[in-house]
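> predicted model, plus sequence, below.
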Amino acid sequence: MEDDREWMYKGRIVNGMFSNEWGDKVDEFVAFALRHPECVNGGTAIRCPCTLVKCQNKKFLNVETVKVHLYRNGFVSDYYVWIYHGEKQVHQRCSSSVRVSVGEIDQTVSDNMNHTTYHRMVCDVAGPEFNPDEEPNAEARNFYDMIRAGDKPVYEGNSKHTQLSAAVRMLEIKCRQRCSQAWFDDMSNFIQELLPQDNLMPLDFYSTKKLVRGLGLHVQVIHCCVNNCMIYWGDDSDLNSCKKCGHAWYKQKVRGSRNRLYIRKLKVSYKKMHYFPITPRLQRLYASTTTANEMRWHSEHHMEDGKMCHPSDAPSWKHFDGCFPDFLSEVRNVRLGLFADGFQPLMYEGGIYVFDCVSAGAYESKGKIDVFLQPLIAELKSLWGVGVQTYDISKRQNFQMRATLMWTINDFPAYSMMSGWSITGMLACPHCMEDSDAFRLIKSGKQSWFDNHRKFLPINHLYRRNTKDFIKNRKVTKQFPGVRSGDEILQDLNNRGLRKVIDVDAEVVNAAISKTCGWNKRSIFWDLPYWREHLLRHNIDVMHIEKNVFDNIFNTVFNIPGKTKDTKYPDVPFVLNKSQKKDVLEWVKKLRFPDGYASNLGRCMDANKLKMFGMKSHDCHVFMQRLLPIALREFLPNRIWEPLTEISLFFKQLTSSSLTDEELRNLDEQIPVILCNLEKIFPPSFFDSMEHLPMHLAYKARIAGPVHYRWMYPPESFFDSMEHLPMHLAYKARIAGPVHYRWMYPPERYLRKIKHKIMNKAQVEGSISIGYIMDEAAKFASFYFKEGDPTLPLKEKRNEVYLDDIVDDDMFEIFKPPGKAIGAEGKRYLADNEYTAAHLYVLMNCPEVQPFIDVFVTEKRKQFPNLNDEVVNVVTEQEFPSWFEKYVCS
């Protein structure tokens, strides 16, 4: 292409005839566009750059029609750089234009940068079928309003912001800072005082919301029975009363005399739910290049060194691909997870969360949550069977998007609500099911999973024949038969005749059947045609298990009244005395962590009652994996301290961001031994089902991928059937892959943000619904801000520094500060042992010193060939500093 493109606007007509030379240039232009498939829709359609209002690089037309339009109307003005047709270079001709990058969008912008950016945003929201030249309907009129607002500067002479850009920036600030509507109105009034009188800045929150309403996605309000029996939806939308309990749909109000009944003019339902359809929200992910490219990451990612770092590396994902190769053939098909705790269900895809539904009765009904999940299941079935046509802006083409639900992630109570398996009683373990060996303690009457782990050991293991340290005079010969497959579970449900909650006779039939088994209903998820093929369907959050295991251990070792698991014998070797408790708590109080690593644990210490209180889930996570072995090392005998350290290291390894199959198999083999060692220490009352579940987590991580994609915050209390659960953690990790893809840190934090949307406690659901929709609009709009990726924090952290300003190139890596100290600086001399420890830490953690450590270890192994790794590590810590000093000086 020529640098001088004056031909586009000169020489089209010569002597009343179309110029052949000009036509050749048009052919070259079309050929250039077709060589860039990312700008071609359907293989033959490109954006038409003619001067018609409906075109102007907005509408896709086939190439022949584009040529005709160009002959008739010519090129749109000032289109010297063909950015909508694949050009990446800025020609010198475009001296008045500037080349910028917004996220991953390369575009040419005139002096008014936001004008082009926010026009692009409106077009992305509207989709490729939006035609500005057609008569607008009610929905399209919102886009016309935004386009017009994007043309008008916020006041005469302002080249940075238009009316639209100012509105979305204000809205984004409100949502990000969690400001109230009153604050927004007050700030808008103050800004009005600063601007000229003829400005176009929105006057208040209502006018801002009205201007950007086209960016939001709709929510469906569905009326419900006051007793949570049913929802008035689908085939039941024409009913006037509940088909189960007979309660009226609408409220009635009595006025006047006692014998006369007046019905409200406006029908008001007793209860309603807000359902957020997932289809348009999934389509929105493909509407912006900020998110569209990331939707294909799982197919472009390759497993390295046999390490699973994502669920796509795990057997569960690959097994599903093998069962449904047609679904695999389109890499842009979406795989979803469903989080559910005591609040509401929440869908997620690749770290992007979609609030599913909110209802005042969804959690109150507990076992009836399937009633409120009906719209979601119907939509998931549609997305699986038919799909929906979706425009992928990153590839400039339409495709048929399908979606599948991979699994649910729940805390322990929600697991029963979602799966239909009861988590109370002696069958509480959802993996062992009827193969559980739990029993009821004679005096307390509580269920115990004591001596329930030897069946997981190898058949010739010594613990199987041990008749002293476990249940007296009992040998274990049985083996765990394995976790049941989806087909086996479905057949069991069918054979027992369990009903779905939405069936009319479900309550009576299921109540009778649940007395003879652990099932209390047939889950609505079995309506999904692919649900039986999943290797893993429901996840119990690892963080929930880890916190409860830590609480049981800590409260028992500290002998906390009312929380200890050993109330009969306080003076036992695993209980600390008063002075030891004080020493541990004083040590915890003096601990200092990197900023953001953990909360101030000193505030959780009660020096009078000698206990810790108010610890969040993440605090327990840090204490369990990092502090517990150190805190108890000097106070407990080795036979007690070692098993506690082993369970701490188990959780630390299990929650790694990447794991190999071999590592997970080792964890799967180690966890039954660890739990058996704990059984040799603690009494039977210590072991409820939560201590058993880690047995299956390593296997599930191996099947489904990293745990941090499948975990969540736990509820506040856990005491009924918890100690047994760790038994299954290794099993889960082997199936599902690394744990961090299956825990709920991010969604729980997001749910906390959602709860802050409640401004009207009389209308909780409505407040959340409006706040969430505003968040959706603000988040999407922020993708087009000139600062770049809005998902990254722009504000520096309080201890953040720029290394380029203070770091010398010759400085050792360990001395390059990741931040700066907070508070006043203090100085003191180190004691000899502190100086030795600091010296050793620097040497052992400095990458530049590692080659010398290798030389030292090699010399020692030559001198003493029979040294094992443990002895080598001890010798290195003791002798390497002095050896290193002599080696360097010589």
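Arrived safely, thanks for sending. Numbers count the residues shown, from 1 in each chain.

> residues in contact with the closest residue to residue 552 other than its chain neighbours?
Among residues not flanking residue 552 along the chain, residue 565 sits closest, at 5.6 Å (Cβ to Cβ, 6 or more residues apart in numbering). The C-beta positions use only the backbone N, C-alpha and C, and glycine is treated the same way. Contacts were defined as Cβ atoms under 8 Å, 6 or more residues apart in numbering; by that measure residue 565 touches 552, 555-556, 682-683, 685-686, 723.

> among those, who's most crowded?
For the contacts of residue 565, neighbours were counted using other Cβ atoms under 10 Å, and residue 723 has the most, 33 neighbours in all.

> beta-bridge partners for residue 272, please?
Beta-bridge partners for residue 272, by DSSP bridges, are residue 223.

> burial count for it?
Neighbours of residue 272 using other Cβ under 10 Å come to 18.

> so it versus residue 374, what's the distance?
For residue 272, the distance to residue 374 under the criterion Cβ to Cβ, to the nearest Å works out to 14 Å.

> most widely separated two among the contacts of residue 565?
Checking those against each other with Cβ to Cβ, the farthest-apart pair comes out as 555 and 683, at 13.9 Å.

> still on that earlier bit, least confident pick among the contacts of residue 565?
For the contacts of residue 565, the model is least confident at residue 723; its pLDDT is 47.

> OK, contacts around residue 7?
Contacts for residue 7 were tallied using Cβ under 8 Å, 6+ apart; they are 21-22, 25.

> which pLDDT value belongs to it?
The pLDDT attached to residue 7 in the predicted structure is 86.

> again with residue 851
In this prediction, residue 851 carries a pLDDT score of 90.

> looking at this, it is in a helix?
Yes: the assignment for residue 851 by DSSP: H, G, I helix; E, B strand; the rest coil puts it in a helix.

> which residues of the stretch 651-800 of the chain score low on pLDDT?
705, 707-754, 758, 760-762, 764, 766, 783-800 (pLDDT under 70).

> which residues in it form helices?
Secondary structure of the stretch 651-800 of the chain (DSSP state H, counting those that start in this stretch): helices at 661-679, 694-704, 729-736, 745-755, 764-782.

> need those in a markdown table with mean neighbour count and distance to residue 875, can you?
Output for these, formatted as a markdown table (neighbours: other Cβ atoms under 10 Å; distance: least, Cβ to Cβ, whole Å):
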| stretch | mean neighbour count | distance to residue 875 |
| --- | --- | --- |
| helix 661-679 | 21 | 26 |
| helix 694-704 | 32 | 33 |
| helix 729-736 | 32 | 33 |
| helix 745-755 | 17 | 40 |
| helix 764-782 | 21 | 56 |
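
> quick one: which of those helices is nearest residue 436?
With Cβ to Cβ as the measure, helix 694-704 is the member of the helices of the stretch 651-800 of the chain nearest residue 436 (11.6 Å).

> longest helix of this protein?
What stands out as the longest helix in the chain, according to DSSP state H, is helix 869-889.

> now do that one: which elements does it pack against?
With contacts defined as 3 or more Cβ pairs under 8 Å, 6 or more residues apart in numbering; DSSP states H and E, the packing partners of helix 869-889 are helix 832-844, helix 850-863.

> and the pLDDT at residue 397?
What the model reports for residue 397 is a pLDDT of 82.

> for stretch 205-217, output the C-alpha coordinates as CSV.
Included here for stretch 205-217 are C-alpha records, laid out as CSV according to Å, rounded to 0.1, in the frame of the first residue of the first chain:
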residue,chain,number,x,y,z
PHE,A,205,-27.3,9.0,39.8
TYR,A,206,-30.7,8.5,38.1
SER,A,207,-29.7,10.5,35.0
THR,A,208,-26.4,8.6,34.8
LYS,A,209,-28.1,5.2,35.1
LYS,A,210,-30.6,6.3,32.5
LEU,A,211,-27.8,7.3,30.1
VAL,A,212,-25.8,4.0,30.3
ARG,A,213,-28.8,1.6,30.7
GLY,A,214,-27.9,0.0,27.4
LEU,A,215,-24.7,-1.3,28.9
GLY,A,216,-26.5,-3.4,31.5
LEU,A,217,-27.9,-6.8,31.1
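
> now it: buried residues?
By neighbour count, with 16 or more other Cβ atoms under 10 Å as the criterion, the buried positions of stretch 205-217 are 205, 208-209, 211-212, 214-217.

> which residues touch residue 6?
When the contact criterion is Cβ under 8 Å, 6+ apart, residue 6 has no partners at all.

> repeat for residue 216
Counting by Cβ under 8 Å, 6+ apart, residue 216 touches 773-774, 776-777.

> if we can go back for a sec, which one of the contacts of residue 565 is nearest to residue 330?
Of the contacts of residue 565, the one sitting nearest to residue 330 (Cβ to Cβ) turns out to be residue 723, at 45.0 Å.

> hmm, which two among the buried residues of stretch 205-217 are most spread apart?
It's 205 and 217 that sit farthest apart of the buried residues of stretch 205-217, by Cβ to Cβ, at 19.0 Å.

> report the buried residues of stretch 154-171.
154-155, 158, 161-171.

> ends of that stretch, how far apart?
For stretch 154-171, the first-to-last residue distance is 15 Å (Cα to Cα, to the nearest Å).

> same deal with stretch 223-236?
The first residue of stretch 223-236 is 11 Å away from its last residue (Cα to Cα).

> swap in stretch 269-285?
Taking Cα to Cα, the first and last residues of stretch 269-285 lie 34 Å apart.

> list the buried residues in it.
Here stretch 269-285 shows 269-279, 281-285 as buried, counting by 16+ other Cβ under 10 Å.

> filter those residues down to just the ones in helices.
Residues of the buried residues of stretch 269-285 located in helices (DSSP H): 279, 281-285.

> show residues contacting stretch 18-31.
The contact list for stretch 18-31 (Cβ under 8 Å, 6+ apart) reads 1, 7-8, 11-13, 46, 63, 66-67, 70-71, 82, 85.

> run through the stretch 201-350 of the chain and note the low-pLDDT ranges.
253-266, 342-350.

> what are the ranges of the strands in it?
Counting by DSSP state E, counting those that start in this stretch, one finds strands in the stretch 201-350 of the chain at the ranges 220-224, 271-275, 307-308, 334-340, 346-349.

> go on, the stretch 551-700 of the chain?
Counting by DSSP E, counting those that start in this stretch, the stretch 551-700 of the chain has strands at residues 605-606, 611-612, 659-660.

> listing partners with orientation, what would you give for the second one?
Strand partners for strand 611-612, identified by DSSP bridges, are recorded as strand 605-606 (antiparallel).

> chain center to the strand it pairs with: distance?
33 Å (Cα atoms, centre = their mean, to the nearest Å).

> quick one: contacts for residue 450?
By Cβ under 8 Å, 6+ apart, residue 450 lies in contact with 439, 470-471, 679, 683-684, 686-687.

> pLDDT wise, what is it at?
Per-residue confidence for residue 450 comes out at a pLDDT of 92.

> assign a three-state SS to it, would you?
coil.

> returning to what we had before: show me which pair in the buried residues of stretch 269-285 is furthest apart.
So, the buried residues of stretch 269-285 by Cβ to Cβ: farthest apart are 270 and 285, at 35.9 Å.

> could you list the low-confidence segments of the stretch 451-600 of the chain?
Within the stretch 451-600 of the chain, the stretches with pLDDT under 70 are 566-570.

> quick one on the thing from earlier: can you put the ones in helices among the buried residues of stretch 269-285 in CSV and add distance to residue 38?
As requested, these are arranged in CSV below (distance: Cβ to Cβ, whole Å):
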residue, distance to residue 38
279, 25
281, 24
282, 21
283, 19
284, 20
285, 18
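
> tell me where the stretch 251-400 of the chain has helices.
Counting by DSSP H, counting those that start in this stretch, the stretch 251-400 of the chain has these helices, from start to end: 279-285, 289-292, 297-300, 315-323, 325-328, 369-372, 374-385.
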